Each structure stands twice: as C-alpha cells, then as structure tokens.
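*Asks:* one predicted model, sequence on top.
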Amino acid sequence: MAVPSEKFVSQPAQIHADTAGYEDILTPEALAFLAQLHRFAEPRRQQLLQARRQRQARYDAGALPDFRADTKAIRESDWTVAPIPAALQDRRVEITGPVERKMIINALNSGAKVFMADFEDSSAPSFTNQLDGQVNLRDAVDGSLEYRSPEGKEYRIGPHPAVLVVRPRGWHLPERHVTVDGETMAGALVDFGLYAFHNAHHLHARDRGPYFYLPKLEAMEEAALWDDVMALAEDELDLPLGTMKATVLIETLPAVFQMHEILHALRKRVVGLNCGRWDYIFSFLKTMRRHRDRLLPDRGQVVMTVPFLKTYSELLIQTCHRRGAFAMGGMAAQIPIKGDDDANDQAMAKVRADKLREVQAGHDGTWVAHPALVPIAMDIFDRHMPTPNQLHVQREDVKANRDMLISPCGGTISRAGFDNNVEVALRYTAAWLEGLGCVPIHNLMEDAATAEIARAQLWQWLHHGSLEFSDHAPIDFALFDHALAKHTHRLSESTLPGASRAKDAAHLLATLTHADQLGDFLTLPAYEQLA
Ligand SMILES: CC(=O)SCCNC(=O)CCNC(=O)[C@H](O)C(C)(C)COP(=O)(O)OP(=O)(O)OC[C@H]1O[C@@H](n2cnc3c(N)ncnc32)[C@H](O)[C@@H]1OP(=O)(O)O
Ligand SMILES: O=CC(=O)O
Ligand SMILES: [Mg+2]
C-alpha cells in the first residue's frame, strides 16, 4: 500500500469484534481513513435518511412520486458524463455474486466482461463475511487469490479475468462492529473505504480503478454524497480526481424520477445506470404501500414486459444514452436446473428471452447470476450488439410520463403465490441469519431484493383488508399464520440452508407482517440477529 501513513493521523475507527486474522485489513492507517470518511459523510447521511422518511410520509398521506420541479434545468439542459475508461467500454455480460473466495475465482474466470463482487443483495453482512470479502478482493486484485476445495479441487484466476466492480452496502445499513467517536459507521463506507484503501493504487497502476456499483439510491443528493466521498478518498489516496468510477442501480421508485439528476451529480465519474429490477419492484410496493389502487399481483406476474417496468427500463436507456452513459439491464432470476432437462430448457429459454428483450431495447449489457448463463447471454448480445455498446441507440421514440411509471400491472393474487411468498421470505431470512446471502429456492435465485418483494407483498395484501384470492377466498392473517407455521416446521426438519434459524426467521417475519407499518428493510431488524 503506497499511502504514506502520516496522512492518516486522526483518531481511528474503533473495532468491536475479534480482529485476529484481519490485522492486514484493519491496519491503523485503514482505520484512520475510515474515520475520516465517517466524519465527513455521517451528518449528511443522517439527513438523507431523514429525507427518505419524510418523502415516504408524504406518499403514505396520498402524494404520488413525480419529476422534481427544482431540477428541471438539469433535465432540460445539454451535458454529458465524463469519458468512459477503456476497461469498461464493453460490458455486454456481467456476472454477479457474493464475495466468497471460490465464487470470486469462478466469476472472474466465467468469460463475463465484468464481475460485480457483491457486499449487498447477495451477502449476509456478518462482520466475518464482510472482512473475508475484503481479504478475498485484495487477493483477487493483486493476483494471488487461490482456493482449494475440501475435495481437493484447485482454483486460481485465469489469464483473462473479468473486470472487477464492487457493490458496497446501501446508505441505510449500519456496520455495528465499527464506530467513530462513539457513532456506528455506515456499512457502505466500511465496504467502500476498506476496498478503496487497500486496492486503489494497485488498480490504478494497471490502468484500472476502483470501480463501484452503487445500490438503492433514492435521490440525487444521495448520489452527490457518494461523489463527494469518492473525491475525498481520491484526494486522501493521492489519486487523480475521477479515478473511481460508479455505475448506479436505479432500483427505487423515487430514483426513476431523478435519473438525469443522479447522472449529473456523478457526472465526473459515472459510467452508467442499471435496471435493478428486483429492488425496483420492492420499492414500488414500499413507496405505494398505502395506495390500495396500486397493489401488485403475485410476484411471478410482475415481469419486465408489464407496462410500468417496460417504461422504466426504456426511460433508463433513453436517459443514459442522451448523457453518454451506459444503460445496463438486470437479472433474470432463473438459474440452471440440474437433473430435469425439460425444466432446464424452459428456464434457459426464459433467460434468453429476457436478454433478447434487453439487447433489442438498447441496453449496453446485462447481468447473470450463474457462470452457466454467461455463454447464453453472451451469444444473444454478440448476435444483436456487434459494437462494444449501443450508445448510438437514442430511443427518442420512448414517451414516458409519471402516470406510466406508477401504474400497477393487472393480474391476480393466487393461493400458490401467497404461499410461495411465505416460503421464500421464511427460507431466505433463515438462510441469511445463518450467514448466506443468496440461495436457490424452487430453482430461482433468491436474494435480499427478491425476499423483500415476498414479505412486502404479504404485508400489503394482509393490511389493506378484504382482499380476495383469484378463487374469491378471503386473504387473512389466519392463512398467513398457518402457512408460516407449516413452512417453519418443514424447514426446521430439513437439511436446507436456514434450517437452524427457521424459528428465529419465523418470529421475525410474523412480527414484521403483523406490524401496523411496513418495515423499511427486512435486513435492518434481521441484522440485529445476525451472528
Ligand atoms: C437482485 C440482485 O441483486 S441480483 C445480484 C445478487 N445476486 C447474485 O449475485 C446471485 C449470485 N448467484 C449465486 O449466489 C448462486 O448462483 C446461487 C446461490 C443462486 C446458486 O448457487 P449454487 O446452488 O451453488 O449453484 P451451482 O451448484 O449450480 O453452482 C455450480 C458452480 O458454479 C459456481 N457459481 C454459481 N453461481 C456463481 C456466481 N454467481 N459466481 C461465481 N460462481 C458461481 C458455484 O460456486 C459452483 O462452482 P464449483 O462447480 O466450482 O463448485
Ligand atoms: O440489485 C439488483 C436488483 O434487481 O435489486
Ligand atoms: Mg438490488
């Protein structure tokens, strides 16, 4: 690490955990750097979280999200984002996955252009998981990452690894094991700060940079805080301004109304926006939680071709390309199905259709959740996108307005959909409490965002009262309690991920679902119980 230690002289961050084995990550210099980030960002972070609560209170009182009047000039004036570095010019297929040692190697070797190493939706943020992730990423960046499986299989990084992009936690999540001046640090800054501190120089020397995906933003001011944090980090680490690059997930309903503004706030370093469809659906549910006329049907029916999601993705493409930024697609939830060729063929056909829709709409790349999906997505993008990206596809034909973005799709609430929501919310939460952030359930990838949809739908369907299933049977709490008890019993008796925490997860879900208010994030109360 080339940073002179005398620059980091402030009172360092304090660690409240056993740090044995992590001494070279939690160095005094790194902890002083974290403390600097915290002191700079924390007052603004708190104000921004308060602004989220105030906005939600207005929506709960009947207001509807809309484009901002005070930022019209940003939307209507001509400007573009800074040039995109060579390493990120072609992002046609990006694989995502948790920061686990074997998976990082597999992802880097998968043939994808980019690997998004995830401290967020697919990670259960125990301090050990987060710190192991930092060790693994440091080893990946310096090229020394290796792994030997219990069966003796050797893993090492191949000659053409994917470009590394790191996703820190969102602004809302605390990291309770790190304090500064007695205040708990934001998980976002711990993940960002440690990765930047230990890897920025190594990456910069190889004509790369610390590249980030930024999750769950709700407003341009939140993007501006990230921009200022990165500028401070660049200054402290003696890097040229703009070395750190950001791709922002547009995965909240409030953010879709500020896409130009978010790009503008980060214009010196932003590379693109991404359609984080799962959190976006969750955010739609959460933002509109009190609006009975905007309920959504079974989550299986809320697919990217329904009008409000189609409008969101096409507006994102139009916005990005007008500003010279990439418009990344998102994640199909299907993963390979072993031992059932027909079911596997059907699942892969769904992935193909999703990627075809994205490339034909003008997206510059897409996400996959599993290495076996890389060639499938690559084939579609290679055939339909002969250029490294499609910034030239302006999509001036897209006419999106506020009403289109907030109109719910049609569909039904089925008993099977209700039961599946209970099962997925329970099994995912239980696995998360065991330290696993992403699990396959009924052959679909389930992570924090998809589980949030399941539990938010249950809350909404139950609390609006007198709703019915498609067969006209009433939806009520007795049904929920019964389904939860059934799935808790099944899970506890099984050898599935989450079995050991089934009862804790059930208690948490029962509390969240019966509560008068929809909790903002499942992962906030769950974090209190994460070992
Ligand atoms: C809404 C969002 O935020 S999407 C982004 C966040 N979500 C993700 O990133 C999902 C990442 N995907 C995963 O975690 C996994 O694919 C799961 C949990 C869904 C399925 O995992 P598994 O059941 O282990 O899959 P499977 O057994 O088929 O894995 C086969 C091999 O592929 C590897 N693999 C699977 N997914 C990935 C991945 N995303 N990255 C790297 N390697 C992977 C496995 O480690 C395994 O390797 P091995 O053969 O060397 O042992
Ligand atoms: O982070 C991605 C999403 O879909 O949520
Ligand atoms: Mg997400």
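*Replies:* Good, I have the coordinates. Ligands and ions are numbered 1, 2, ... in the order given.

*Asks:* A strand includes residue 246, no?
*Replies:* Yes. Counting by DSSP: H, G, I helix; E, B strand; the rest coil, residue 246 falls inside a strand.

*Asks:* what bridges to it?
*Replies:* With DSSP bridges as the criterion, residue 246 is bridged to residue 212, residue 270.

*Asks:* who are the neighbours in contact with it?
*Replies:* For residue 246, the contacting residues are 211-214, 226-227, 230, 266, 269-271, by C-beta atoms under 8 Å, 6 or more residues apart in numbering. Backbone N, C-alpha and C define where each C-beta goes, glycine included.

*Asks:* just the buried subset of the residues you listed, written out for PyMOL, thanks.
*Replies:* Here is the PyMOL command that picks out the buried ones among the contacts of residue 246, judged by 16 or more other C-beta atoms under 10 Å:
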select buried, resi 211+212+213+214+226+227+230+266+269+270+271
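
*Asks:* tabulate the contacts of residue 246 (JSON lines), appending pLDDT and distance to ligand 2.
*Replies:* JSON lines is the format used below for the contacts of residue 246 (pLDDT from 0 to 100; distance: C-beta to the nearest ligand atom, whole Å):
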{"residue": "211", "pLDDT": "98", "distance to ligand 2": "16"}
{"residue": "212", "pLDDT": "98", "distance to ligand 2": "13"}
{"residue": "213", "pLDDT": "98", "distance to ligand 2": "8"}
{"residue": "214", "pLDDT": "98", "distance to ligand 2": "11"}
{"residue": "226", "pLDDT": "98", "distance to ligand 2": "16"}
{"residue": "227", "pLDDT": "98", "distance to ligand 2": "20"}
{"residue": "230", "pLDDT": "98", "distance to ligand 2": "20"}
{"residue": "266", "pLDDT": "98", "distance to ligand 2": "18"}
{"residue": "269", "pLDDT": "98", "distance to ligand 2": "20"}
{"residue": "270", "pLDDT": "98", "distance to ligand 2": "17"}
{"residue": "271", "pLDDT": "98", "distance to ligand 2": "16"}
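
*Asks:* how about the residues of the stretch 401-531 of the chain that lie near ligand 2?
*Replies:* Contact residues, the stretch 401-531 of the chain versus ligand 2 (C-beta under 6 Å from any ligand atom): residue 449.

*Asks:* residues of the stretch 401-531 of the chain that sit close to ligand 3?
*Replies:* Counting by C-beta under 5 Å from the ion, the positions of the stretch 401-531 of the chain adjacent to ligand 3 are residue 449.

*Asks:* stretch 122-136 vs ligand 3: in contact?
*Replies:* No. Judged by C-beta under 5 Å from the ion, stretch 122-136 stays clear of ligand 3, getting no closer than 9.2 Å.

*Asks:* the stretch 351-500 of the chain: strands as residue ranges?
*Replies:* Counting by DSSP state E, counting those that start in this stretch, the stretch 351-500 of the chain has strands at residues 365-368, 439-441, 444-446.

*Asks:* about what we covered before: and which of the contacts of residue 246 is nearest ligand 3?
*Replies:* Taking C-beta to the ion as the measure, ligand 3 lies nearest residue 213 of the contacts of residue 246, at 9.3 Å.

*Asks:* so how far is ligand 1 from the closest one?
*Replies:* 9 Å (C-beta to the nearest ligand atom, to the nearest Å).

*Asks:* wait, what's in contact with the residue nearest to that residue when sequence neighbours are not counted?
*Replies:* Nearest non-adjacent residue to residue 213, counting by C-beta to C-beta, 6 or more residues apart in numbering: residue 167, 4.0 Å away. The contact partners of residue 167, taken as C-beta under 8 Å, 6+ apart, are 96, 116-121, 212-215.

*Asks:* OK, contacts around the nearest residue to residue 67 once chain neighbours are set aside?
*Replies:* Sequence neighbours aside, residue 257 is the residue nearest to residue 67 in space, at 4.9 Å (criterion: C-beta to C-beta, 6+ apart). By C-beta under 8 Å, 6+ apart, residue 257 lies in contact with 65-68, 402, 405.

*Asks:* closest one to residue 249 among the strands of the stretch 351-500 of the chain?
*Replies:* strand 365-368 (10.3 Å; C-beta to C-beta).

*Asks:* so which elements touch the closest one?
*Replies:* Strand 365-368 sits against strand 93-98, strand 326-331, helix 341-361, helix 374-384, with contacts defined as 3 or more C-beta pairs under 8 Å, 6 or more residues apart in numbering; DSSP states H and E.

*Asks:* at 10 Å what do you get?
*Replies:* Applying 3 or more C-beta pairs under 10 Å, 6 or more residues apart in numbering; DSSP states H and E, one finds that strand 365-368 makes contact with strand 93-98, strand 114-118, strand 270-275, strand 326-331, helix 341-361, helix 374-384.

*Asks:* chain center to it: distance?
*Replies:* Offset of strand 365-368 from its chain centre (C-alpha atoms, centre = their mean, to the nearest Å): 13 Å.

*Asks:* hmm, it touching ligand 2?
*Replies:* No. Interface with ligand 2: strand 365-368 contributes nothing (C-beta under 6 Å from any ligand atom), its closest point being 7.6 Å away.

*Asks:* parallel or antiparallel, list what pairs with that strand.
*Replies:* Strand pairing for strand 365-368, determined by DSSP bridges: strand 93-98 (parallel), strand 326-331 (parallel).

*Asks:* out of those strands, which gets nearest to residue 378?
*Replies:* Across those, residue 378 has its closest neighbour in strand 93-98 (4.9 Å, C-beta to C-beta).

*Asks:* show me what the helix or strand following the closest one packs onto, helices and strands only.
*Replies:* Moving toward the C-terminus from strand 93-98, the next helix or strand (DSSP states H and E) is helix 101-108. Contacts defined by 3+ C-beta pairs under 10 Å, 6+ apart place helix 101-108 against strand 93-98, strand 114-118, helix 127-142, strand 146-148, strand 154-156, strand 163-167.
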